[in-house]
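Participant: A structural model of the following input is requested.
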Amino acid sequence: MAPMEGTVPFVPGVHPPPEPLPRLWFCVGPAGLLVRDGDAGVAMPVASDPDDLGVERETASHFLGVLGGQACWCVGARPGTATGRWLDLRSLYGQLPDQLWAVAGRAAQIAEWDRTHRFCGRCGNPTVAATEERAMRCPACGLLAFPRLSPAVIVAVERPGEILLAHNVSFPEGQFSAVAGFVDPGETLEEAVHREVAEEVGVALGGVRYVASQPWPFPHSLMVAFTARWAGGEIRVDGREIADARWFPPDGLPRLPPSMSIARDLIDDFVVRSRGS
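Facilitator: So this is what the prediction gives:
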């Protein structure tokens, strides 16, 4: 099978179409995604049934949608005696065509949800898959558990000719990125932007503007990106999550996050706009 172009439409769904279609399997395990070498050595998901490949199933099979005339399915799995290679999802960025990588991220989140919702969080009884929607249902108390999604905000804080970037304690040495954090219950996305920036680097904001969003399957986040103007205050890092934060000009940037992330998109956009002004 030739690599699919990123323009091939993916049609998501919960229920497979009535007509039989060739299947593409996204087998997701602790070591990543099971892939084979496709045309020109490009890593691709497997087309064979997982049972035929020696995969040890850990979850039920879940239909994801249709991509390029192929029905995409995922299953949580252990390697067992599987034939093929297990590659980390991050390392597959740039190896898989963009659309396939996005479907692989969806598969990873669905498999993780299945693994972690086998029992009811309210009464502890085993759950079963709901038939009408993507949810786990408790037969005992009726609780529905939908795929988990953890919204987070990320913001490029700018002042004339500079962007504020921070070094999180979990980052590789020397790497900086835009300020980010999870949304708290009961707050808007914009309120989360103001709070996270105030807590982590101590500056005030103005002109908060939504830019874009990105599914982030590590393991189940949704990154919502903003830009904002610096409105005052000196940088004061919290010392817990953020070890360092500084203002950087476009021609003096530090080590940055990988191109797969919306954080990098925000920073690259700042550079382009700065050079064009």
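
Participant: number of nearby residues for Arg246?
Facilitator: Other residues near Arg246 come to 16 when the count uses other Cβ atoms under 10 Å. C-betas here are computed from N, CA, C, even on glycine.

Participant: Show me what it bridges to in the sheet.
Facilitator: Leu165 (DSSP bridges).

Participant: pretty sure it contacts Leu165?
Facilitator: Yes: proximity of Arg246 to Leu165 meets the contact threshold set by Cβ atoms under 8 Å, at 6.6 Å.

Participant: Return every residue with contacts to both of these two.
Facilitator: Common neighbours of Arg246 and Leu165, using Cβ atoms under 8 Å, 6 or more residues apart in numbering, are Phe176.

Participant: how about stretch 176-192: buried residues?
Facilitator: Within stretch 176-192, the residues that count as buried by 16 or more other Cβ atoms under 10 Å are Phe176, Ser177, Ala178, Val179, Ala180, Gly181, Val183, Glu190, Ala192.

Participant: Show me these that map onto helices.
Facilitator: Among the buried residues of stretch 176-192, the members found in helices (DSSP state H) are Glu190, Ala192.

Participant: how about TSV for the buried residues of stretch 176-192, with pLDDT added?
Facilitator: Converted to TSV, the buried residues of stretch 176-192 look like this (pLDDT from 0 to 100):
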residue	pLDDT
Phe176	98
Ser177	98
Ala178	98
Val179	98
Ala180	98
Gly181	97
Val183	98
Glu190	98
Ala192	98
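
Participant: Read off the pLDDT value for Met4.
Facilitator: We have a pLDDT of 42 for Met4.

Participant: if I pick Gly202, what's in contact with it?
Facilitator: Here Gly202 is in contact with Gly233, Glu234, Ile235, Arg236, Val237, Asp238 (Cβ under 8 Å, 6+ apart).

Participant: is it true that Met260 lies in a strand?
Facilitator: No: counting by DSSP: H, G, I helix; E, B strand; the rest coil, Met260 is not found in a strand; it is coil.

Participant: What is the neighbour count of the residue nearest to it when sequence neighbours are not counted?
Facilitator: Of all residues not flanking Met260 in the chain, Tyr93 sits nearest, at 4.3 Å (Cβ to Cβ, 6 or more residues apart in numbering). Counted with other Cβ under 10 Å, the neighbours of Tyr93 add up to 16.

Participant: change the start of the numbering to 32 and stick with it
Facilitator: Yes, from this point I'll number from 32; that puts the last item at Tyr124.

Participant: who does Tyr124 bridge with?
Facilitator: Here Tyr124, judged by DSSP bridges, has bridge partners Leu127.

Participant: I'd say it and Ala135 touch.
Facilitator: No: counting by Cβ under 8 Å, Tyr124 stays clear of Ala135, with 9.5 Å between them.

Participant: Output stretch 114-130 as CSV, restricted to C-alpha atoms.
Facilitator: This file holds the C-alpha atoms of stretch 114-130, laid out as CSV (Å, rounded to 0.1, in the frame of the first residue of the first chain):
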residue,chain,number,x,y,z
THR,A,114,5.6,-9.8,13.7
GLY,A,115,6.5,-6.2,12.9
ARG,A,116,8.0,-3.3,14.8
TRP,A,117,6.7,-1.4,17.8
LEU,A,118,7.5,2.3,17.5
ASP,A,119,6.7,5.1,19.9
LEU,A,120,4.1,7.5,18.6
ARG,A,121,6.3,10.5,19.0
SER,A,122,9.1,8.9,16.9
LEU,A,123,6.5,8.0,14.2
TYR,A,124,5.9,11.7,13.5
GLY,A,125,7.4,12.4,10.1
GLN,A,126,7.5,8.6,9.3
LEU,A,127,3.8,8.1,9.0
PRO,A,128,1.9,10.4,6.6
ASP,A,129,0.3,13.2,8.6
GLN,A,130,-3.3,11.9,8.3
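
Participant: can you list contacts of that stretch?
Facilitator: Contacts to stretch 114-130, defined as Cβ under 8 Å, 6+ apart, come from residues 34-39, 41, 60, 62-68, 73-77, 84-85, 98, 110, 132, 135-136, 139, 248-249, 289, 291.
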